[in-house]
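Chemist: test case, fold it:
(chains A and B)
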There are 2 protein chains.
Amino acid sequence: MDRIRKAEMQTLELKRESGPREPLTVALPDPFPLYRGGSISGGVIAYETWGQLNPARDNAILLFTGLSPSAHAAANDQDPTPGWWQKMIGPGCAIDTRRFFVICVNSLGSCFGSTGPASRNPATGERFGLGFPEIAVEDIATAGHAAVRALGIQQLAAVVGASLGGMVVTAFAARHPHGARRLISISGSPAASPFALALRSVQREAILRDPDWQGGNYATDKPPRNGMRLARKLGTITYRSATEWRQRFGREEIAGNALRASPFAPRFAVESYLEAQAERFTRVFDPNCYLYLSRAMDRFDLAEHGGSYAVALQSSQLEKALVIGVESDMLFPIHEQAAIAEALTAAGIDTRFARLPSLEGHDAFLADIPRFDAEIRAFLNH
Amino acid sequence: MDRIRKAEMQTLELKRESGPREPLTVALPDPFPLYRGGSISGGVIAYETWGQLNPARDNAILLFTGLSPSAHAAANDQDPTPGWWQKMIGPGCAIDTRRFFVICVNSLGSCFGSTGPASRNPATGERFGLGFPEIAVEDIATAGHAAVRALGIQQLAAVVGASLGGMVVTAFAARHPHGARRLISISGSPAASPFALALRSVQREAILRDPDWQGGNYATDKPPRNGMRLARKLGTITYRSATEWRQRFGREEIAGNALRASPFAPRFAVESYLEAQAERFTRVFDPNCYLYLSRAMDRFDLAEHGGSYAVALQSSQLEKALVIGVESDMLFPIHEQAAIAEALTAAGIDTRFARLPSLEGHDAFLADIPRFDAEIRAFLNH
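Modeler: The predicted structure is shown next:
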């Protein structure tokens, strides 16, 4: 029985005994040095898996997430509830668990089991908060790489990521040239545009200026909810497209609107949608983790690795790559995915660039499953 | 000496005597009934003028502003500092003050001399705040119409507006079919998209949730500055285009960044730009006025006037119209200007639709002067 199965069995055991589900975790090298200086001691990465690792240990796919999801990409024995990419991972799905052993990691710096600003510092028993060192996109990549090594996998069949994850996989290719044979970067970026920088700056400011943020030392039962609400609502606006919303919401008003108590209460259906998104997010995500990951996205620049995107990837041993972009994406505009594809091609990697006409903007990989399924399925079957 | 000249003389007299500049104002009909119910007593509209009204009183152009400017569109005797459309108004300019008598009004509900939520209620001596009745785009149009009537003008040579003003002029045409012979609607909308509704909803929420807002009863020396900062930064992001910012800011970092005290302080040049915009706006604009005008933009729907945009305009006596839109405008997308142009045409009005390729997005009318100058000059000279 390999280490992963053992870990799974232990976790299932734990669940049966203790009730609340504990995420599977793997220890990071200790200390774990960070890209922009400093290091982490006693770090762990939370992960979930689907399918079986084959005896050659060469059928593993590592999946990096966007900014906010956990490692729960799809239902499994650990957690039978649907995951954030439920339709893409499973037997017969585009990422076919009859062939592949799929591992999804919670990003280093996030708050769903991996070490980050919301973790307790073993030395003090307090949450790290702003005492946590700066996390870079490169650290998320290297922590994922370390996690799969610790699970006994020397080289991945593929590394896959969307949004922040689409940045992470390019950093993975630059920093771990032998780490994977294939790469799928979805709605990622080699370096964010000033438009995206500006939006994230406003999102962070909404949190930083919420009096409940308390300089990062907020009470766990009194986080900066208003700031998080605003940040998430703004994110939600930029994750979709104006065209999709025109079709979906139009100018429909909320029923019972005439009974509104406050003169500036939500009136339009689109405002209800924002409200639901914000409520859900604010309940589960840690504000400091949000700030850390947001900043990491801002500072990422693939060209830091040698002077240009192509040089960053030139020592990569990738055999094939798939880069997917969406024409209606305002946050990670399609020319940024084109730049990734060009750099991979310039580095001598057989690369397909799929330019999708989905209306769902940056979130299309979660919403327009048929188009993404077809691209990913064809690429992995090739 | 006509009433306008008299009013100007009185104001100049006042300035000489009292020092601080008082805006010119004209009284609204008392009471002034409002589109969504209620009325205003003792209302005034602040305005500025350029050029001379001719003896036939038929050379007047009325200019409506966007959400935030005052009536100071260009330098004049009242105020020699440059105005917000300085290059467009003057002798030999596209709006040529050798031919036209130009009047710019501060919108009803704004805070630069016209009656609005920041005005004092004569009955109580207190600011109206949320006690002010709801203002609609139609009210801004009708108040402008009433102001020019009070100045002795029966019919305008042209009514012109950009952004909110571009909405206002369509309401003007619907509500005052004999009010003007020509119309110029710039970067306006016949009804906002859910994308614009969502953005304004988040902007308002930033203000509403700022503890200093105090349910609308903030102290004049302690307004909800943080909320206003966020609202304006978000506005600034949507007023330009990602393409322009890529060329203008790229990923340039702020000099001396290494000395930053706070880990989440602005790092990129684009963040400095947002900061400067927010600081300037927060110093001069009243938060409740912002909320009122923002809601008015959300609720405006030209089709309320008869069931469709074209029906709304069918009784208009306009001779000619010019509708200008900008392809890179994300807030008032170009198909909304196309819809205005189609409705004007369907109503039998000789209409030109100018589709400009400017990179400056919604703000192009302030930034890409050559293209706007050419269109407006040709239209007014025809």
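Chemist: all strands of the stretch 151-300 of chain A, in order?
Modeler: Assigned by DSSP state E, counting those that start in this stretch, the stretch 151-300 of chain A shows strands spanning A:158-162, A:182-186.
Chemist: looking at those strands, which is closest to residue B:122?
Modeler: With CB to CB, the closest approach to residue B:122 among the strands of the stretch 151-300 of chain A belongs to strand A:158-162: 59.3 Å. Where you see a C-beta, it was placed from the backbone N, CA and C, and this is true even at glycine.
Chemist: quick one, that closest one and strand A:182-186 angle?
Modeler: Taking axes from the mean of the first three to the mean of the last three CA atoms, to 10 degrees, strand A:158-162 and strand A:182-186 form an angle of 0 degrees between their directions.
Chemist: on contacts alone, who are the packing partners of strand A:158-162?
Modeler: Packing partners of strand A:158-162 (3 or more CB pairs under 8 Å, 6 or more residues apart in numbering or on different chains; DSSP states H and E): strand A:60-64, helix A:164-175, strand A:182-186.
Chemist: out of those, nearest to chain B?
Modeler: Closest approach to chain B among the helices and strands packed on strand A:158-162 is made by helix A:164-175 (13.9 Å; CB to the nearest CB).
Chemist: mind listing what's buried along that closest one?
Modeler: Within helix A:164-175, the residues that count as buried by 16 or more other CB atoms under 10 Å in any protein chain shown are A:164-175.
Chemist: from the strands of the stretch 151-300 of chain A, which stretch is densest packed?
Modeler: strand A:158-162 (a mean of 29; mean count of other CB atoms under 10 Å in any protein chain shown).
Chemist: what's the first-to-last distance across stretch A:24-43?
Modeler: End-to-end span of stretch A:24-43 (CA to CA, to the nearest Å): 13 Å.
Chemist: show me the contact partners of that stretch.
Modeler: Residues outside stretch A:24-43 that contact it (CB atoms under 8 Å, 6 or more residues apart in numbering or on different chains): A:7-8, A:11, A:44-49, A:78, A:108, A:113-115, A:122, A:133-136, A:138-139, A:142-143, A:146-147, A:150-151, A:299.
Chemist: can we see that at 6 Å?
Modeler: Identification of contacts with stretch A:24-43 by CB atoms under 6 Å, 6 or more residues apart in numbering or on different chains yields A:7, A:11, A:44-47, A:113, A:115, A:122, A:133-134, A:136, A:138-139, A:143, A:146-147, A:150.
Chemist: so among the residues you listed, which ones count as buried?
Modeler: A:7, A:11, A:44-47, A:113, A:115, A:133-134, A:136, A:138-139, A:143, A:146-147, A:150.
Chemist: export the strands of the stretch 151-300 of chain A as TSV, with columns for mean pLDDT.
Modeler: Listed next are these as TSV, based on pLDDT from 0 to 100:
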stretch	mean pLDDT
strand A:158-162	98
strand A:182-186	98
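Chemist: where does the stretch 151-300 of chain A have low pLDDT?
Modeler: For the stretch 151-300 of chain A, the stretches flagged by pLDDT under 70 are A:257-261.
Chemist: can you spell out the domain ranges of chain A, please?
Modeler: When chain A is parsed with automatic domain parsing, its domains come out as A:3-193+A:300-381, A:196-293.
Chemist: on that earlier part again, and the contacts of stretch A:24-43, which of them are in strands?
Modeler: A:44-47 (DSSP state E).
Chemist: how about the residues you listed in a markdown table, adding pLDDT and distance to chain B?
Modeler: Output for the ones in strands among the contacts of stretch A:24-43, formatted as a markdown table (pLDDT from 0 to 100; distance: CB to the nearest CB, whole Å):
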| residue | pLDDT | distance to chain B |
| --- | --- | --- |
| A:44 | 98 | 24 |
| A:45 | 98 | 23 |
| A:46 | 98 | 25 |
| A:47 | 98 | 28 |
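Chemist: now the two most distant members of these.
Modeler: For those, with distances taken as CB to CB, the pair at the greatest spread is A:44 and A:47 (9.6 Å).
Chemist: any idea how far residue A:227 lies from residue A:135?
Modeler: Relative to residue A:135, residue A:227 is positioned 20 Å away (CB to CB, to the nearest Å).
Chemist: same deal with residue A:204?
Modeler: Distance from residue A:204 to residue A:135, by CB to CB: 14 Å.
Chemist: quick one: which of these two has more around it?
Modeler: residue A:135 (27 against 21; other CB atoms under 10 Å in any protein chain shown).
Chemist: distance of the closest residue to the more buried one other than its chain neighbours from chain B?
Modeler: In space, and not counting its chain neighbours, residue A:135 is closest to residue A:109: 3.8 Å by CB to CB, 6 or more residues apart in numbering or on different chains. Plainly put, residue A:109 is 13 Å away from chain B if you go by CB to the nearest CB, to the nearest Å.
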